[in-house]
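Student: I would like to see how this sequence folds:
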Amino acid sequence: MEGAISSVPNTRIAVVTGGNKGIGFEVCWQLASGGITVVLTARDETRGAEAVEKLIALGVTNVVFHQLDVTDTSSIATLVDFLKTRFGKLDILVNNAAIGGVEYLQELDTSEETFAGMDFDQMLEWMVKNVRERIDSAKKGVQTNYYGTKHVTEAVLPLLQSSSEGRIVNVSSIFGLLRLISNEKVRRELSDIDNMTEERLDELLNRFLRDFEADALEACGWPMGCSAYKVAKAAMNAYSRMLARRHPALRVNCAHPGYVKTDITMNSGVLTPEEGARNVVKVALLPDGGPTGKYFAEGEEASLCEVPAGWRRVHGPVRRPSADELACLPCHVV
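Tutor: Okay, here's the model as predicted:
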């Protein structure tokens, strides 16, 4: 599939990670429909190639597949070599690849009938109740959702800088909002982009995983329910803002597509993948000189500090830990 298209001068080039299904597939379709040459990437070669064939059958020919495992440095390097050889630049990077960081309960009915009559809050509650959180899944979630995004971004940065209109869109979530972290010190650090460093983000993520393994998440003020997904997305949001400050010529933003019916949400949700993708593509196509270092929710610039409507109903109040809890040995963040 790599030889299916040729480079056209002055055509914008986009890479979409996790592009073989769901939101990622729809992002590829919408970008390609707008005349942008799209490199659809996926971990599984068969599924990725089938996704490209499906797009071609839908009428777009300016799309090509390249295998990419965002947790594999050699896979990332191979993609970069392909982009250099074929295009010599990159204009848009959409970091969509992600996993839930949880174990899904088996044999759940996720048909439309299951969610008939449920509102947003009830579907969210159903989803959180039907997953198990284990340390191995949490580690994979952090590795994919934060480090995978970071490593792909860093690898293609020189190509993005070769473009006159470089764009990075990191697909985020309301689960990454800072107000969902009740540990005030951690929340304050993640807010302080002027003083945050990548090394400190590493320390915080390592601390989170140690607290997870010690069964000390709640006492230490980490978010509960899909906790690894939330913390990884919060870290990714912080990294995105740092990157925007470091590279002001690029447009680097986070985009929450909405509560979308995908594999991660077990097909619960209120938006279709097409609708969610539209909210991501809108950020990817912001005009020159547009916002950078921002968080967008369903296509509109938003705050990282607001608690989503219905959150307290599902998860209880966002609670600040006591001094005794924050002083406990397994979870003291220094």
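
Student: name the helices or strands packed onto the host helix or strand of Glu125?
Tutor: Using DSSP states H and E, Glu125 sits in helix 120-129. Applying 3 or more C-beta pairs under 8 Å, 6 or more residues apart in numbering; DSSP states H and E, we find helix 120-129 packed against helix 311-315. Bear in mind the C-beta positions are built from the backbone N, C-alpha and C, glycine included.

Student: what number of residues lie near the closest residue to Ile56 other than its chain neighbours?
Tutor: Setting aside the residues directly before and after it, Ile56 is nearest to Val63 in space (C-beta to C-beta, 6 or more residues apart in numbering), at 7.0 Å. With neighbours defined by other C-beta atoms under 10 Å, the count for Val63 comes to 28.

Student: now do Val63, the pLDDT please.
Tutor: Here the pLDDT value assigned to Val63 is 98.

Student: now it, which residues is it bridged with?
Tutor: Per DSSP bridges, the residues bridged to Val63 are Val38.

Student: OK, contacts around it?
Tutor: Listed by C-beta atoms under 8 Å, 6 or more residues apart in numbering, the contact set of Val63 reads 4-5, 28, 32, 37-40, 52, 55-56.

Student: and the helix holding Glu125, which residues are buried?
Tutor: 123-128 (16 or more other C-beta atoms under 10 Å).

Student: those: which two are farthest apart?
Tutor: Met123 and Val128 (9.9 Å; C-beta to C-beta).

Student: any idea how many residues pack against the residue lying closest to Asn130 once chain neighbours are set aside?
Tutor: Closest residue to Asn130 apart from its sequence neighbours, by C-beta to C-beta, 6+ apart: Leu105 at 4.9 Å. By the measure other C-beta under 10 Å, the count of residues near Leu105 is 11.

Student: could you check how far Leu105 is from Val128?
Tutor: 12 Å (C-beta to C-beta, to the nearest Å).

Student: kindly list the main-chain dihedrals of the spatially most central residue of the chain?
Tutor: Of all residues in the chain, the one closest to the mean position by C-alpha atoms, centre = their mean is Val171, 3.7 Å from it. In terms of degrees, to the nearest 10, the main-chain angles of Val171 are phi -70, psi 120.

Student: hang on, it packs against Leu93?
Tutor: No - the criterion here is C-beta atoms under 8 Å, and Val171 misses it with Leu93 at 11.0 Å.

Student: check the offset of stretch 179-198 from the chain's centre.
Tutor: In terms of C-alpha atoms, centre = their mean, to the nearest Å, the centre of stretch 179-198 is set 19 Å apart from its chain centre.

Student: hmm, I was thinking of stretch 284-302
Tutor: 15 Å.

Student: what sits up against that stretch?
Tutor: 14, 27, 31, 34, 92, 94, 165, 167, 169, 172, 174, 193, 237, 240-241, 244-245, 248, 250-258, 278-279, 282-283, 303-304.

Student: rerun at 6 Å
Tutor: Applying C-beta atoms under 6 Å, 6 or more residues apart in numbering, the contact partners of stretch 284-302 are 92, 94, 165, 167, 169, 241, 244, 251-256, 258, 279, 282-283, 304.

Student: just the buried ones from those residues?
Tutor: So, by 16+ other C-beta under 10 Å, the buried ones in the contacts of stretch 284-302 are 92, 94, 167, 169, 241, 244, 251-256, 258, 279, 282-283, 304.
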